[in-house]
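>>> Need coordinates for the following:
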Amino acid sequence: MGIGKNPVMRLKVKEQQCGLDKKQRFYTRVDRASVIDDDLLIEYASRDSGIRIEQIAAVYRSLLTQVKQLVCNGHSVELGDLGTLYFKVHAKISEEEADAGGTAVKRKCIGFRASKLMRLMMQEVNFEV
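Below is the predicted model:
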């Protein structure tokens, strides 16, 4: 199951009251086709590769464990042609060095930077409403 030669992304247009003037406005969002869970992804990979589901599941779960541990220990993890996962923080800017560091961190999150190939593939996506 690939994206095909001419991938199409479905969009939805919604009307919503927004802004300080409370006017009705239209916004566009991606109409997600579905959520592919781990089990279905493993099944697709098994069908595509000919490797038994149990073997792929074991490797997949091990890779997820390693990626989580590596990212949470400060490593950036390159995921092939998908892109790179990394840990990042949002912190207060301090005038004094003593006020910086761990106590200045307001939020922790995971960042993702799409690879050049993924960005090129995204440019090929067509839209339909």
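>>> residues in contact with the residue positioned nearest the centre of the chain?
Of all residues in the chain, the one closest to the mean position by C-alpha atoms, centre = their mean is Phe112, 6.2 Å from it. Phe112 sits next to 83-86 when contact means C-beta atoms under 8 Å, 6 or more residues apart in numbering. Yep, even glycine has a C-beta here, placed from its N, CA and C like the rest.
>>> Those: which two are farthest apart?
Maximum pairwise distance in the contacts of Phe112, criterion C-beta to C-beta, is 9.9 Å, between Gly83 and Tyr86.
>>> what sits in contact with each of those two?
Here Gly83 and Tyr86 have 112-113 as joint contacts, going by C-beta under 8 Å, 6+ apart.
>>> what comes up buried for the longest helix along the chain?
The single longest helix within the chain, with elements called by DSSP state H, is helix 53-72. Burial within helix 53-72, assessed by neighbour count using 16 or more other C-beta atoms under 10 Å, is assigned to 56-57, 60, 71.
>>> tell me which of these is nearest to Leu20?
Nearest to Leu20, judged by C-beta to C-beta, of these is Val71 at 39.6 Å.
>>> from what I can see the closest one touches Thr84, true?
No - counting by C-beta atoms under 8 Å, Val71 stays clear of Thr84, with 9.9 Å between them.
>>> Now do the shared contacts for these two.
With C-beta under 8 Å, 6+ apart, Val71 and Thr84 have common neighbours Val77.
>>> And the helices in the chain?
Counting by DSSP H, the segments of the chain that form helices are 38-49, 53-72, 116-123.
>>> So what does the residue of the chain positioned farthest from its centre have for phi and psi?
Among the C-alpha atoms of the chain, the one most distant from their mean position (C-alpha atoms, centre = their mean) is that of Glu96, at 35.3 Å. Per-residue torsions, Glu96: phi -110, psi 140 (degrees, to the nearest 10).
>>> start at 5 instead
Okay, using 5 as the starting number, the last item reads as Glu100.
>>> Show me the shaky parts of the protein.
Applying pLDDT under 70 to the chain picks out residues 5-8.
>>> at 80 what do you get?
For the chain, the stretches with pLDDT under 80 are 5-10.
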